[in-house]
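A.B. asks: what follows is a predicted structure for the sequence shown.
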Amino acid sequence: MAERPDRPFSAVRSPAEAPAGVNADDSKQLTDGPAADGTAAVRTATDADDCVLPVALQNHNIRCFVAFWCVYYLAAPVSYIGTTHANLLKAFGNTDFVSNLPSAVYLWLTIVPVLAAWFFPSPRHLRPLALLSVTLLVLVTGLVAVTLGSGASAGVSTFVVILHGAIFGAANGILLTAMWDFLRRGVSTSRRGKALGFTFGIGPLFACIGALLQDALFDGRLLGGRSFGLSFPYNYMGMFAAVSPLLILAGFAVALIRIPPEPPGAGDQVASLATIAAGIRQFVRNRGVLLSILIYVIVYSGGNSIIQNVSLHAQSILGKESNTLGAQNFLRFGFKALAGAILGLLLAKSSPRATLLATTSILLIGMSWALSSSGTAFMLTFGLLGAGELFGAYFPNYVTTASEKTWVRLNMAYLSLLSALIGFSSIAFGAISDRFGRIASFYAAAALLGLAIVLILVLLPRDPTPKHGTDAGVREA
């Protein structure tokens, strides 16, 4: 097959084009039934609806996307690499530096989605790669449960917990990149605000349920002192053991998503050096994509990598005998649910940039609260950081909106690749904490967030949708 560097990753070139095999002048809508390979029958895209799938299938994809994230949020005490892992490693007697390692290696392994996009460029690879990733997540989560339950030494347990972060970084990077690509291909731009509003409004409520169950595994603070009565490390073992089968349900949601079919033979070859070079060129030339990803790295460093230190600091404020992990996650995801509904409306009524400003500002308020509060009031920090944490949904949405459909998956993979830099901020905050105290790391995080707000206002356009012939949507010759 002849190489086409301008079309390596997509069956549909742009919102204005009809899919291959469909006459753009033909007004007849094709049937809605899925094809044997999991793709779906298509119709001609229009300016008002830039997805070629029938509306019924787009709504089906929204439901699958929401279902995936609801399950993922229910598993959040484990699937969100960070506070649980840091507190578990701290309980084994490790330093703040070591306690931050699961989060750091998670981010360092995010180079894997880029390699997957290069070696498996066709959209027909999306589902198999996503399901393989889910399988790895299930297995490594089960491994942690077995290790903790077997009475392994602190050193072995520490290694396995860090390994859990590494496997999640690689497999989760592929899985979540695929989910955003599914959303871009299977849901029109006009419906994406609705999809994100439902997903990040309803989804975090499931994380609140997960937080209550996590609380019951510890001191039951949110449940009036009622708990399962499990001692360390069996409380953590129970958490990982419960999450492992939950992730299988997420795999079912992935399997049910439908995307438009590809032209025969499209994307069957591994990306050539010319194709890879074309992808890099469009990434560098697409100002909206490049700058938003660089700012994303700054926001992630200041607003999310710090949360392990914030969680560890809670014990210093509330007493070493208190274990508030369940309460932390309940506040974190409860506020996220409220913010998710509001931010989805903001996206639908305003612009993609508005959601970036809103989430980053909330994170800065959260760090300011951490620096100025004491006692039980400090716990509100987790709610504010949880609400602002939705930057992790709206920056990818900005990137997908700024990308031509051809390049969505690759640009999302580059987002994951550059996220590897954030791993250094996690261990940097740990090192700052060990040497200068956790408060010093809080000031450093707040400074990064303030810088990010300025950069968003100065550098990012309100609407990054590609305009053919402009640098917002570079088309390689």
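C.D. replies: Noted; the coordinates are in hand. Residues are numbered from 1 along each chain as shown.

A.B. asks: can you count the residues close to Ala154?
C.D. replies: Ala154 has 13 neighbours, counted by other Cβ atoms under 10 Å. In this view, the C-beta of every residue, glycine as well, is placed from N, C-alpha and C.

A.B. asks: can you tell me the closest non-neighbouring residue to it?
C.D. replies: Phe92 (4.2 Å; Cβ to Cβ, 6 or more residues apart in numbering).

A.B. asks: wait, the one you found sits on Thr158?
C.D. replies: Yes: taking Cβ atoms under 8 Å as the definition, Phe92 is a contact partner of Thr158 at 5.6 Å.

A.B. asks: how much space separates Ser361 from Thr199?
C.D. replies: 22 Å (Cβ to Cβ, to the nearest Å).

A.B. asks: who has more neighbours out of the two?
C.D. replies: Thr199 (23 against 16).

A.B. asks: which residues are in contact with Gly450?
C.D. replies: Residues near Gly450 by Cβ atoms under 8 Å, 6 or more residues apart in numbering: Leu364.

A.B. asks: now do it against Leu88, distance only.
C.D. replies: Using Cβ to Cβ, one gets 32 Å for the distance from Gly450 to Leu88.

A.B. asks: shaky segments in this protein?
C.D. replies: Along the chain, segments meeting pLDDT under 70 span 1-49, 263-273, 320-322, 468-477.

A.B. asks: remind me, longest helix of it?
C.D. replies: If you go by DSSP state H, the chain has its longest helix at helix 189-217.

A.B. asks: tell me what that helix is packed against?
C.D. replies: helix 55-74, helix 76-79, helix 234-255, helix 325-349, helix 391-402 (3 or more Cβ pairs under 8 Å, 6 or more residues apart in numbering; DSSP states H and E).

A.B. asks: can you rerun that using 10 Å?
C.D. replies: Applying 3 or more Cβ pairs under 10 Å, 6 or more residues apart in numbering; DSSP states H and E, one finds that helix 189-217 contacts helix 55-74, helix 76-79, helix 173-186, helix 234-255, helix 325-349, helix 352-372, helix 380-388, helix 391-402.

A.B. asks: using PDB, list the CA coordinates for the second one.
C.D. replies: Listed in PDB are the C-alpha atoms of helix 76-79, where the atom choice follows Å, rounded to 0.1, in the frame of the first residue of the first chain:
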ATOM      1  CA  ALA A  76     -10.600   5.300  42.200                       C
ATOM      2  CA  PRO A  77      -8.900   4.400  45.500                       C
ATOM      3  CA  VAL A  78      -6.700   2.100  43.500                       C
ATOM      4  CA  SER A  79      -7.000   3.200  39.900                       C
END
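
A.B. asks: how far is that helix from where the chain is centred?
C.D. replies: Remark: helix 76-79 is offset 13 Å from the chain centroid, using Cα atoms, centre = their mean, to the nearest Å.

A.B. asks: just the first one next, same as before
C.D. replies: Centroid separation for helix 55-74 versus its chain: 15 Å, with Cα atoms, centre = their mean.

A.B. asks: report the buried residues of that helix.
C.D. replies: By 16 or more other Cβ atoms under 10 Å, the buried positions in helix 55-74 come out as 57-58, 60-62, 64-74.

A.B. asks: and these, which is closest to Ser419?
C.D. replies: Nearest to Ser419 among these, counting by Cβ to Cβ, is Tyr72 at 17.7 Å.

A.B. asks: re the thing from before, ok, the buried residues of helix 55-74 vs Leu107, which is closest?
C.D. replies: Taking the buried residues of helix 55-74 together and measuring to Leu107 by Cβ to Cβ, the closest member is Tyr72, at 17.9 Å.

A.B. asks: any idea how far the closest one is from Ile422?
C.D. replies: 20 Å.

A.B. asks: and what of Val55?
C.D. replies: Val55 sits 38 Å away from Ile422, going by Cβ to Cβ.

A.B. asks: picking that back up, just the buried residues of helix 55-74 now: which is nearest Phe168?
C.D. replies: Nearest to Phe168 among the buried residues of helix 55-74, counting by Cβ to Cβ, is Tyr72 at 11.6 Å.

A.B. asks: that closest one contacts Ala253, correct?
C.D. replies: Yes: counting by Cβ atoms under 10 Å, Ala253 is a contact partner of Tyr72 at 9.0 Å.

A.B. asks: overlap of the contact sets of the two?
C.D. replies: Met179 (Cβ atoms under 10 Å, 6 or more residues apart in numbering).

A.B. asks: give the buried residues for stretch 136-151.
C.D. replies: Applying 16+ other Cβ under 10 Å to stretch 136-151 flags 136-138, 140-145, 147-148 as buried.

A.B. asks: in helices only, show me those.
C.D. replies: Mapping the buried residues of stretch 136-151 onto helices (DSSP H) picks out 136-138, 140-145, 147-148.

A.B. asks: leaving out sequence neighbours, find the closest residue to Ile432.
C.D. replies: Ser441 (4.4 Å).

A.B. asks: ignore the last one, Val156
C.D. replies: Spatial nearest neighbour of Val156, excluding adjacent residues (Cβ to Cβ, 6+ apart): Thr147 at 6.7 Å.

A.B. asks: thinking again about what came up before, what's the spacing between the residue nearest to Ile432 and Leu364?
C.D. replies: Counting by Cβ to Cβ - Ser441 and Leu364 are separated by 15 Å.

A.B. asks: so between the two, which is more surrounded?
C.D. replies: Neighbours around Ser441 and Leu364, counted as other Cβ under 10 Å, are more numerous at Ser441. The numbers are 27 against 22.

A.B. asks: how close does that one get to Arg63?
C.D. replies: Where Arg63 is concerned, Ser441 sits at a distance of 41 Å (Cβ to Cβ).

A.B. asks: likewise Pro352?
C.D. replies: 23 Å.

A.B. asks: do Asn397 as well
C.D. replies: 18 Å.

A.B. asks: repeat that for Ala341.
C.D. replies: Distance, Ala341 to Arg63, using Cβ to Cβ: 17 Å.

A.B. asks: nearest to Ala413, out of the helices and strands packed on helix 189-217?
C.D. replies: With Cβ to Cβ as the yardstick, what comes closest out of the helices and strands packed on helix 189-217 is helix 173-186 (5.6 Å).

A.B. asks: make a markdown table out of the buried residues of stretch 136-151 and add distance to Ile257.
C.D. replies: Formatted as a markdown table, these follow (distance: Cβ to Cβ, whole Å):
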| residue | distance to Ile257 |
| --- | --- |
| Leu136 | 19 |
| Leu137 | 17 |
| Val138 | 19 |
| Val140 | 24 |
| Thr141 | 23 |
| Gly142 | 25 |
| Leu143 | 28 |
| Val144 | 28 |
| Ala145 | 29 |
| Thr147 | 33 |
| Leu148 | 34 |
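
A.B. asks: of those, which is the nearest to Ala370?
C.D. replies: Using Cβ to Cβ, Val144 comes nearest to Ala370 of those, at 28.9 Å.
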